[in-house]
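**Student:** sequence unknown, structure follows:
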């Protein structure tokens, strides 16, 4: 007899202890295996080491908690009451932090699926489109740097729910050249056509995505354009210089500057 228990009760207690220990051991093993799998997946997907470790630790903690919950009924804890309490707490948390949770879930998706990565140039089509180079990808927000050098912080749920254009998806590098001309010398249509003709004559400039010219600013008699084109990474520095020289020759009176 153990502590005054009958042989039957002692055997049942011992069985329950062994069962609980087995569940906990299996849970810990599975938790560690899942954590290792997430870390390896993070390396394969080139996720930041600290972010992959965070996701792995969260998965390990979640599985361990699940194992503990599975053990509790062995010692008389009611499943129904426990699940009711956990569900109520979970519902309260989800309602209080639903925007935060949406951003975190979207951030986990982006870190695992990698629709873009740091250094890519993306455009988010929401109201007024936002274009910028990805600086950081965090669980809650993604930080962009626009061609003008402005920092834009975008909630991950916004990116997740909107149309996204990745301008670097095909291993191309975007370049921008600023062209400032006097309005009296050119019309917008003739100027755009001449710039397009210059770019089409340079073989290093990619045909797809096609080069684009947009009005950046109009000040007095001055018209400022941004000429955007894509090149292979290995020819980026040379091509921007070639394009700038060609534009200066085609537009002698224009101010031509390589922006980035």
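**Tutor:** Yep, that arrived. The shown structure was predicted, so the numbers you read here are calculated from the model rather than taken from an experiment. Residues are numbered from 1 along each chain as shown.
**Student:** can you tell me how far residue 119 is from residue 133?
**Tutor:** Using C-beta to C-beta, to the nearest Å, residue 119 is found at 7 Å from residue 133. Using the backbone N, CA and C atoms, a C-beta is placed for each residue, glycine as well.
**Student:** host element of residue 8?
**Tutor:** helix 7-44 (DSSP states H and E).
**Student:** let me know the next secondary structure element after that helix.
**Tutor:** Later in the chain than helix 7-44, the nearest helix or strand by DSSP H and E is helix 49-71.
**Student:** all helices of the stretch 151-260 of the chain, in order?
**Tutor:** Shown for the stretch 151-260 of the chain, the helices assigned by DSSP state H, counting those that start in this stretch span residues 156-161, 188-200, 236-250.
**Student:** from residue 66, how far out is residue 246?
**Tutor:** 64 Å.
**Student:** ok, those two, which is more surrounded?
**Tutor:** Comparing residue 246 with residue 66 by other C-beta atoms under 10 Å, the one with more neighbours is residue 246, at 18 against 14.
**Student:** so who does the residue nearest to the more buried one when sequence neighbours are not counted touch?
**Tutor:** With C-beta to C-beta, 6 or more residues apart in numbering as the criterion, residue 246 has its nearest non-adjacent residue at 4.9 Å, and that residue is residue 198. For residue 198, the contacting residues are 243, 246, 247, 250, by C-beta atoms under 8 Å, 6 or more residues apart in numbering.
**Student:** in this structure the second one contacts residue 200, no?
**Tutor:** Read it as residue 246. No - here residue 246 lies out of contact with residue 200, judged by C-beta atoms under 8 Å, at a distance of 10.7 Å.
**Student:** nice, that's everything, thank you.
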